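**Q** When you get a sec, could you give me coordinates for this:
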Amino acid sequence: MQTVGGARLDKLLKKAIVAFFDLATAARPFAVARSADLKNVTMTYDAAHLGARREPSKNGVLPPPAVPCRRRRSAWDLRAALLIGLLLVVDVAAALDTVRIAGTGASQSMLRELARTFATKQEGCAVRVLDSMGSRGGLRALVAGKAELARVSREPREGDRVPGMVYKPFAVTKVVFVTHPSVTGVERITPSELVAIYDGKVASWDAVGGPAHAIYPLTRDGGTTLRTVLGHIPSFERLPAHAKPTYSSLETLQLLIERPFTIGFVPKTLIAGTRLREIEIEGVTTPSGAPETERSGMSLPLGIVYLEPLEGCAARFVGYLSTQDARDVIRRNLAVPLL
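**A** Now for the predicted structure:
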């Protein structure tokens with residue numbers, strides 16, 4: 001989970017931290033000035049006898065060090081400082097309008113970057129892009145009041161909808177087949193070769209122009225990404241016995257990054273900034289580096305869902321998605337802006 005707030009958040013937190021440490025420092029034993037029989041007389045501590053209190057006499061002569069005296073209230077003062085510091089931090093959080101965005105992993109990293117750029121433009125807003133829980137999980141969180149916005153990779157179905165629900169697609173990406181960087185020499189394969197790899201009939205990369213090493217295919221156990229592949233490659237098995245199933249696109253991405261000689265399919269937004277190698281599936285996906293079009297290849301819509309009326313920072317964030325800054329971020333994350 002990431003939380004992003006405006007410049008005001010930084011200022012308030014700094015003030016809270018400074019105030020807390022000032023209180024904590026003040027809780028330690030210290031010399032205090034007080035009025036005695038003589039005006040402007042100060043209680044002092046002898047550096048050679050830490051904690052030994054000496055009271056000036058009427059003639060101003062300091063007697064020998066008395067019995068050491070330490071403040072017994074310091075522990076209680078420290079607890080009070082801790083409590084006040086905590087209340088200050090809570091007050092800082094309460095001063096911000098927090099927007100929680102829950103849902104699919106397909107747009108998670110992109111929306112976190114969008115939240116960071118939004119924070120540089122807005123005051124008094126904090127945007128929390130929650131960890132992936134799928135499109136359906138995001139819609140449920142929205143309806144239950146646990147999120148102000150849901151992020152989805154499909155349009156809400158009839159069973160997902162409630163009165164006042166609005167679906168706003170803001171970008172489109174593609175589902176792509178990618179390999180670990182260890183797989184070299186394989187730029188393009190046919191749909192039949194892809195199916196043979198996932199069926200286990202083609203077990204080594206050298207059979208399709210790659211290195212002489214076993215192939216480790218990854219698939220999904222369900223979800224929009226798998227349905228997108230099945231819609232374009234009907235002969236692709238839903239759960240090939242030879243392939244390892246994963247339970248989210250983010251899990252697939254992690255395995256592709258960590259394990260050599262793997263192949264899998266993920267939303268293209270997830271491979272931005274990685275060294276994973278995209279493979280063209282002839283007649284199905286567009287070549288890597290080709291001009292992006294809104295409906296090229298195995299397209300995957302990315303949308304925001306909210307409940308009306310939309311107000312405050314949530315409305316401002318949705319409006320921000322149509323700005324030039326937001327469009328630039330969307331393109332950097334290998335998607336096409338729609339707003």
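**Q** drop to CA atoms for contacts and neighbour counts, all remaining ones
**A** Noted.
**Q** can you map out the strands along this structure?
**A** Read by DSSP state E, the chain holds these strands, from start to end of the chain: 2-5, 44-46, 49-54, 97-103, 125-129, 149-152, 165-179, 188-189, 216-220, 244-246, 262-267, 277-281, 299-307, 336-337.
**Q** quick one, what contacts the residue nearest to residue 171 when sequence neighbours are not counted?
**A** Take residue 171 and drop its neighbours on the chain: the residue closest to it by C-alpha to C-alpha, 6 or more residues apart in numbering is residue 337, 4.3 Å away. In this structure, residue 337 makes contact with 170, 171, 172, 327, 330, 331, judged by C-alpha atoms under 8 Å, 6 or more residues apart in numbering.
**Q** What's the separation between residue 312 and residue 98?
**A** Residue 312 is 9 Å from residue 98, where distance means C-alpha to C-alpha, to the nearest Å.
**Q** Oh, that last question was meant for residue 276, not what I typed.
**A** Here the criterion is C-alpha to C-alpha. By it, residue 276 lies 35 Å from residue 98.
**Q** try residue 199
**A** For residue 199, the distance to residue 98 (C-alpha to C-alpha) stands at 48 Å.
**Q** which of these two has more neighbours?
**A** More crowded of residue 199 and residue 98, by other C-alpha atoms under 10 Å: residue 98, with 21 against 18.
**Q** thinking the more buried one is in contact with residue 313, fair?
**A** Yes: under the criterion of C-alpha atoms under 8 Å, residue 98 lies in contact with residue 313, with a separation of 7.4 Å.
**Q** which residues do those two both contact?
**A** Counting by C-alpha under 8 Å, 6+ apart, the residues touching both residue 98 and residue 313 are residue 125.
**Q** show me where the protein has helices.
**A** 7-26, 74-94, 108-119, 134-143, 191-199, 224-232, 249-258, 312-320, 324-332 (DSSP state H).
**Q** quick one: contacts for residue 272?
**A** Contacts were defined as C-alpha under 8 Å, 6+ apart; by that measure residue 272 touches 332, 333, 334.
**Q** Out of those, which comes closest to residue 193?
**A** Here the nearest of those to residue 193, counting by C-alpha to C-alpha, is residue 334; it sits at 26.1 Å.
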